[in-house]
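Undergrad: Generate coordinates for the sequence data below:
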Amino acid sequence: MPDDDIAFGTAVVLYLRKSKETQINSIVDQDGVVGKIVEERKLVVLKTYADAGISGATVEERDDFKQMLVEAPRIGAKAVLFYNTSRLTRGGVKAMWKIVDALEAQGVKVYNCQQRKFVDENDMGSAITTSVEAAQAKASNIDHALDISRTMVANVRDRKNAPGARPPYGFDRLYIDESGKPFQQVRWETDGSKSILDPVTLEPKTTLSPKTPYLKIKAHKVVLVPSSIPERVETAKLMQRLAKSMGYTAIAGHLNEKGIPSPGGDLWSSTTIRSLLLNPAFGGDIVYNRTTKSRYAHLEDGQVVKRTEKVGEVQFKYNPKDKWIVVPGGHEALVSKDEREAVETAMAIRSRSSIKTSRSPNRVYPLSGIMVCGNCGDPMQGMCPDEKYRRYICGKRRKNGKNACVPCSVTAAKVEGFVIGTIREYMASDCAKDHLKQGLEEIFDAQIRTVNDLDAARRDVEDFEKEKKGLFAQIRAAGAAQLFAAQIQEMQEEEARRKRRLAAAEAAAGDTRDKAGFIRQGLDLYENRVLQLQGGCENAIRECLRALGTKVIYHPEKKEGGIEIHPFGHSAAS
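TA: Predicted coordinates:
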């Protein structure tokens, strides 16, 4: 150890930097070398400054560096410790000496931990060499980026390391040392801070601020493990179950209604739900390259290649699934493989068949098309989208004037909560399932009768066609079409009725399921709709009630209005 090394007990500040070109493990050597000197020389660390993922070419973007230049003299620091000159600046010799002079003028020396000595004029030659090397590295940024990308791919594909920094919701990151022993478990909090936990007891050891990166040791392996907060794990599993029958918006509404905080601590959104559900991590798979944001490289057929367009510009985009790198079974799963496949299938079906309803004027009226006027039978329509003044009014009265029907209007707040709450209670009861099963049996029996009567329905239509043609021939021969106008109208209506009966019989004839299968499918639909009704999204509730055939009748003539609810007003399976 040189005699002119930094004195024991010196008050110092530390500066660490991780550049964009070296995102992975670039700061590990800094931490190891700097920390070793601090421990050996018993230095007093007043404060640590760190700029993560920021280039050293300029000072403007390095907030912590600028803060260090101002604060270090004020808090009594006698030296600034850094790993090497490239961590201090990549702006060349001139920029480096400008920084050194500015600090020394205020009594703060600059200490190079890699060389274990203070920076002075004798280091000019080495500084020039470092600057030249930095310039050469900058000129070959593309090759450097390709090497880094290959390292990242190898970390995922060969070492099975979990990529990225923040784990998916419901997981923590577990760091394992060279001997295979758990070293530390890191949990991301809703405010962006990181709790460092004991990997065995899961007791917090320390907390890192949102801006302070976790300094991973290069030789350590990182895997995803279920979160140390059980509620997060249960919420992640709940999302998977709900996704089988509910869309992203409905799931977000359900979680918000339960008061469950999102990964960021605020309300859930459909985009957050979608991003999480599309992540194979829940099934235990490691996935890399879901997105691209590299300046110089991208993956093609699983291999790192140089970008040919917009080289040097950050290009963020979501990659198609065939460009992902997936390592099956890379860590513990939160859901089974079968459940995960069911979720992916349900999401794929919805993405192909979903109807965009976010701009629908009925979006804020979950009983639209379900509630009817008890006086005239017309559907009741929503009036005002403003939450404060939303109402349902008789469609006939609204369309044809106040004399078309009795006054029939009710505030949405009064009727919606009562109807949806009543339906929820009813569907949670045992009698609801028995009621549904009985209705499904009746529907199936009616369809069978219609199928058996299909031939008779066809004969009816054929016979009627013959009668009609014969009658029309006589009318045309007599030239008396005007005299038989009423009879012709009745005949056309009868023909339409018989054709509708035939169409229904033909549709039913195409259903070859047995009775047990038909009832089972109807009950499965019922189970899915029960889950959907638990969500808070108006669209999901409305579509659920429609599918179940729910009918609501509002009787305006009753005192304060009467509400009549039929949970299975029509066919629950239709």
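Undergrad: Show the residue spans covered by the helices in the stretch 1-150 of the chain.
TA: In the stretch 1-150 of the chain, the helices defined using DSSP state H, counting those that start in this stretch lie at 28-40, 63-74, 85-88, 93-104, 124-139, 141-157.
Undergrad: winner for burial among these?
TA: helix 85-88 (a mean of 22; mean count of other Cβ atoms under 10 Å). C-beta: built from backbone N, CA, C; applies to glycine.
Undergrad: what mean pLDDT would you report for that helix?
TA: In this model, helix 85-88 has a mean pLDDT of 76.
Undergrad: Can you give me every residue that contacts residue 49?
TA: By Cβ atoms under 8 Å, 6 or more residues apart in numbering, residue 49 lies in contact with 13, 14, 15, 16, 64, 65, 67, 68.
Undergrad: run the last query once more with 7 Å
TA: Going by Cβ atoms under 7 Å, 6 or more residues apart in numbering, residue 49 touches 13, 14, 15, 64, 65, 67, 68.
Undergrad: before we move on, the earlier item: same list, the helices of the stretch 1-150 of the chain, but as a markdown table with distance to residue 320 please.
TA: Converted to a markdown table, the helices of the stretch 1-150 of the chain look like this (distance: least, Cβ to Cβ, whole Å):
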| stretch | distance to residue 320 |
| --- | --- |
| helix 28-40 | 33 |
| helix 63-74 | 36 |
| helix 85-88 | 38 |
| helix 93-104 | 43 |
| helix 124-139 | 33 |
| helix 141-157 | 17 |
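Undergrad: chain center to stretch 202-221: distance?
TA: Put simply, stretch 202-221 sits 26 Å off its chain's centre (Cα atoms, centre = their mean, to the nearest Å).
Undergrad: Need the distance between the two termini of it.
TA: Across stretch 202-221, the terminal residues are separated by 18 Å (Cα to Cα, to the nearest Å).
Undergrad: distance of residue 276 from residue 265?
TA: From residue 276 over to residue 265 the distance is 15 Å, taken as Cβ to Cβ, to the nearest Å.
Undergrad: And the two? Which one has more around it.
TA: Under the criterion of other Cβ atoms under 10 Å, the comparison of residue 276 against residue 265 puts residue 276 first, with 23 against 10.
Undergrad: Helix or strand: which one has that one?
TA: Per DSSP states H and E, residue 276 falls inside helix 270-277.
Undergrad: just residue 521 next, same as before
TA: Here residue 521, judged by DSSP H and E, is contained in helix 515-533.
Undergrad: Show me what the residue lying closest to residue 172 once chain neighbours are set aside is bridged to.
TA: Nearest residue to residue 172 in three dimensions, chain neighbours excluded: residue 187, at 4.7 Å (Cβ to Cβ, 6 or more residues apart in numbering). Residue 187 has these beta-bridge partners by DSSP bridges: residue 195.
Undergrad: Who are the contact partners of residue 187?
TA: Neighbouring residues of residue 187 by Cβ under 7 Å, 6+ apart: 172, 195, 197, 227, 228.
Undergrad: The same query, at a cut-off of 10 Å, please.
TA: If a contact means Cβ atoms under 10 Å, 6 or more residues apart in numbering, then residue 187 has 167, 171-173, 193-197, 202, 204, 207, 227-229, 232 as its contacts.
Undergrad: Given whichever helix or strand comes after the helix holding residue 276, what are its sheet partners and their directions?
TA: Counting by DSSP H and E, the next helix or strand C-terminal to helix 270-277 is strand 286-288. Sheet pairing of strand 286-288 (DSSP bridges) gives strand 325-327 (antiparallel).
Undergrad: so what does the following helix or strand past the partner strand touch, helix or strand wise?
TA: Using DSSP H and E, the helix or strand that follows strand 325-327 in sequence is helix 337-353. For helix 337-353, the elements it packs on are helix 230-242, helix 270-277, judged by 3 or more Cβ pairs under 10 Å, 6 or more residues apart in numbering; DSSP states H and E.
Undergrad: list the buried ones in stretch 109-116?
TA: Neighbour-count burial for stretch 109-116 flags 109, 110, 111, 112, 113, 114, 116 (criterion: 16 or more other Cβ atoms under 10 Å).
Undergrad: Surely the fourth one touches residue 83?
TA: So the one you mean is residue 112. Yes. Residue 112 lies in contact with residue 83 (Cβ atoms under 10 Å); the separation is 8.1 Å.
Undergrad: Could you tell me the least trusted of the helices and strands packed on helix 337-353?
TA: helix 270-277 (a mean of 86).
Undergrad: Identify all contacting residues around that helix.
TA: So helix 270-277 is in contact with 168-170, 235-236, 239-240, 242-243, 246-255, 262-264, 266, 268-269, 282, 290, 318, 340, 343-344, 346-347, 351, 358, 537, going by Cβ under 10 Å, 6+ apart.
Undergrad: Any of these buried? List them.
TA: By 16+ other Cβ under 10 Å, the contacts of helix 270-277 give 168-170, 235-236, 239-240, 242-243, 246-255, 262-263, 268, 282, 290, 340, 343, 346-347, 537 as buried.
Undergrad: May I have the beta-bridge partners of residue 112?
TA: Bridge pairing for residue 112 - DSSP bridges - gives residue 82, residue 117.
Undergrad: What separation do you get for it and residue 100?
TA: Residue 112 is 10 Å from residue 100, by Cβ to Cβ.
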